[in-house]
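Asks: structure for this input, please:
(chains A and B)
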Amino acid sequence: MPTVSYVAFDGTETIVTGFAGDSVMETAVRNGVPGIVAECGGSLSCATCHVFLCADSAGLFPPKLDLEDDMLDGTAVDREDNSRLSCQLKLSDDVSVHVQTPETQV
Amino acid sequence: MGDTTEAPRLGTLIIGNCQAGVQLASTLRELGDTDPITLVGEEPHAPYQRPPLSKAFLKGEATADSLAFRTHDFYREHSIELVPRERIFRIIRNADGGVATAESGRTFAFARLALTTGAVPRTIPFEGSELEGVSYLRTATEATVLEQQLREARNVVVVGGGFIGLEVAAGARSAGKNVTVLEAAPRLVGRAVSEQTSEFYLQAHRRRGIRVVLNAQVVRFVGEHDRVTGVELGSRDEEGPGEIVAADVVLIGVGVVPRTELAVQLGLEVENGIVVDSRALASDGLTVAAGDCANMPNPSIGDFGAGRIRLESVQNAVEQAKVAAATLLGLPAEHRTVPWFWSDQADLKLQIAGLSGGHDRVVLRGDPDTEKFSVLYYRSGRLIAADCINSPLDFMAVKNALHKGLSAPADVASDTTVPLKKLFAAVEAADAGRAEPSPVPVVLPAVPVPIPAGSPAA
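Replies: Residues are numbered from 1 along each chain as shown, chains lettered A, B, ... in the order given. As a prediction, the model looks like this:
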């Protein structure tokens, strides 16, 4: 089973065991991980599931599509090179993912 | 927690296990509330997202389980008692709390009460409504039936050209069905968007092969062997019978009505929803209400408190529920935001930022024929809202600008070679350079704020 480590802005780490096929966003929201809002439920409409994908996890996901890239321009905390919308990060079996969540999403 | 010798503590009862209800419960815990929380609702499922019901769900790509907001572990770990399949029909309360009774006879005692009762589809008693194949769409149970019916259908008729209807129509068309949309008004999505946006959707859906009939008058549904076979329309020339549009499936999507029965019974003020203040507090000063069922002071930053409004959207449900949770705990909070909505129809992504009610000018940014453009709404020279079609950059820029109270001159904003984000940044820099505080508060014209259809969250 995949695991995701979410490190909040204040350094607090939450580790959640997820399911292959679920997104990093869904895994966070279903388990009440703070720091990810995801108002639109994963339909690429709100940019409130912004995460910074740690270098060791960068190769676990396909590159972002144009729509995600555009939406990242409107995140509450300015994007960085490793910014992703976590609704687009689908977990595969047995991966170990590390992300940091921004100070705010809205 | 607490002294175990005491009688069981009473906590918060939240009626309506939906988006707003789950958020309210979660926020109570985040704010440190340790009293019992009970989330009760009549649906058989754990609370789930509704927007996908008119989209992914009908393609067979989602289930009530896959759309669940939270895991069962979450509810257990946060001591939130989830009670499905219970319909509350009676509440007795006073300032210290009360008791709610379900139709099953089960009772729920509470110290604090929250109503997140949502809305139900507006029904129209057309002759033939009882025929198999005629349906409304609000719940996962209804979506499950509709998904099966759509799979086998050739001819699909949608009554109502609002967001839900058009989303279902677009999905059915993508799946190769013959699709007809019957709209009683002269344009599509008339409650929520400008004429320009309506006209765009009319053309875009026709391009994709959907038949759209405007000013349509549905006379009745016709059928054979208790199954629907068609929709009879009113005669156009007042002579002879009207057309019968063939239909294996008829979906009626003509808006929703807020559920206020319990509020009425409690003696709360009700008018197009449960009347609440900006803290989500109802007229008794005790009960809170949030989401589609609540009629509130305009929450828009920039027009805050100007008129009353009821919004049907995920964002409103979430943000108002957070405020309601704080209010229940006696913490200061105010529902003040930039309302936003979305609708995905086939490959057309609509994102709306702000409320366009009372606009006096509409500015087109981009060419609708490219299916990538925005409609910017101005009032008294200030930007108040935008409909953005396949233009997420415009949407994000406008949403952020409205949060900051920024506007941009209409003639410049229509220039697609200048990103709106840059334009607003320039305006912000110029504002910061001035000594006088800016912008000047907007004075609203004496126009009632119309109620947007909201998002497909409906």
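Asks: alpha carbons only for contacts and neighbour counts from here, please
Replies: OK.
Asks: who touches the residue nearest to B:Val318 when sequence neighbours are not counted in this structure?
Replies: Counting by C-alpha to C-alpha, 6 or more residues apart in numbering or on different chains, B:Ala20 is the residue found nearest to B:Val318 once chain neighbours are left out, at 5.5 Å. For B:Ala20, the contacting residues are B:116, B:290-291, B:317-318, B:320-321, by C-alpha atoms under 8 Å, 6 or more residues apart in numbering or on different chains.
Asks: turn these into JSON lines, including secondary structure, neighbour count and pLDDT.
Replies: Formatted as JSON lines, those follow (DSSP: H, G, I helix; E, B strand; the rest coil; neighbours: other C-alpha atoms under 10 Å in any protein chain shown; pLDDT from 0 to 100):
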{"residue": "B:Thr116", "secondary structure": "coil", "neighbour count": "30", "pLDDT": "98"}
{"residue": "B:Ala290", "secondary structure": "coil", "neighbour count": "35", "pLDDT": "98"}
{"residue": "B:Gly291", "secondary structure": "coil", "neighbour count": "33", "pLDDT": "98"}
{"residue": "B:Ala317", "secondary structure": "helix", "neighbour count": "28", "pLDDT": "97"}
{"residue": "B:Val318", "secondary structure": "helix", "neighbour count": "22", "pLDDT": "95"}
{"residue": "B:Gln320", "secondary structure": "helix", "neighbour count": "31", "pLDDT": "98"}
{"residue": "B:Ala321", "secondary structure": "helix", "neighbour count": "32", "pLDDT": "98"}
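Asks: which of those lies closest to B:Arg70?
Replies: B:Val318 (14.3 Å; C-alpha to C-alpha).
Asks: pretty sure that closest one sits against B:Gly291.
Replies: Yes - look at B:Val318 against B:Gly291 with C-alpha atoms under 8 Å: they come within range, at 7.5 Å.
Asks: what touches both of these two?
Replies: Common neighbours of B:Val318 and B:Gly291 (C-alpha under 8 Å, 6+ apart) are B:19-20.
Asks: A:Ile15 belongs to a strand, doesn't it?
Replies: Yes - judged by DSSP: H, G, I helix; E, B strand; the rest coil, A:Ile15 forms part of a strand.
Asks: and the pLDDT at it?
Replies: If you check A:Ile15, the pLDDT there is 96.
Asks: how about it, nearest residue that isn't a chain neighbour?
Replies: Closest to A:Ile15 by C-alpha to C-alpha, 6+ apart is A:Ser5, at 4.4 Å.
Asks: which other helices and strands contact the helix or strand where the one you found lies?
Replies: Per DSSP states H and E: A:Ser5 is located in strand A:3-7. Judged by 3 or more C-alpha pairs under 8 Å, 6 or more residues apart in numbering or on different chains; DSSP states H and E, strand A:3-7 is in contact with strand A:13-17, strand A:96-100.
Asks: now do the contacts for the residue nearest in space to the middle of chain A.
Replies: Of all residues in chain A, the one closest to the mean position by C-alpha atoms, centre = their mean is A:Ser86, 2.7 Å from it. A:Ser86 makes contacts with A:23-25, A:49-51, as judged by C-alpha under 8 Å, 6+ apart.
Asks: need phi/psi at the nearest residue to it once chain neighbours are set aside.
Replies: Spatial nearest neighbour of A:Ser86, chain neighbours left out: A:Met25 (4.8 Å); criterion: C-alpha to C-alpha, 6+ apart. Main-chain dihedrals, A:Met25, degrees, to the nearest 10: phi -60, psi -50.
Asks: so what's the residue count around A:Met25?
Replies: Residues lying near A:Met25 (other C-alpha atoms under 10 Å in any protein chain shown) number 24.
Asks: what comes into contact with stretch B:61-80?
Replies: A:29-32, B:19, B:22, B:25, B:29, B:36-39, B:45-49, B:52, B:56-57, B:81-82, B:140.
Asks: so which elements touch the helix or strand containing B:Ala114?
Replies: Assigning secondary structure by DSSP H and E places B:Ala114 in strand B:112-115. If contacts are counted by 3+ C-alpha pairs under 8 Å, 6+ apart, strand B:112-115 sits against strand B:12-15, strand B:288-289.
Asks: compute the number of surrounding residues for B:Leu329.
Replies: Residues near B:Leu329, counting by other C-alpha under 10 Å: 13.
Asks: no no, B:Leu58
Replies: 23.
Asks: does it count as helix, strand or coil?
Replies: Applying three-state DSSP: B:Leu58 is helix.
Asks: now do the helix or strand of chain A with the lowest mean pLDDT: distance to the chain's middle.
Replies: Counting by mean pLDDT, DSSP states H and E, the weakest-scoring helix or strand in chain A turns out to be helix A:66-72, with a mean of 92. Its chain's C-alpha centre lies 14 Å from the corresponding centre of helix A:66-72 when counted by C-alpha atoms, centre = their mean, to the nearest Å.
Asks: anything in that helix near chain B?
Replies: Yes - using C-alpha under 8 Å from any C-alpha of the partner chain, helix A:66-72 comes into contact with chain B via A:67, A:70-71.
Asks: all the helices of the stretch 251-400 of chain B, residue numbers only.
Replies: B:261-265, B:314-328, B:392-404 (DSSP state H, counting those that start in this stretch).
Asks: brilliant, that's me finished.
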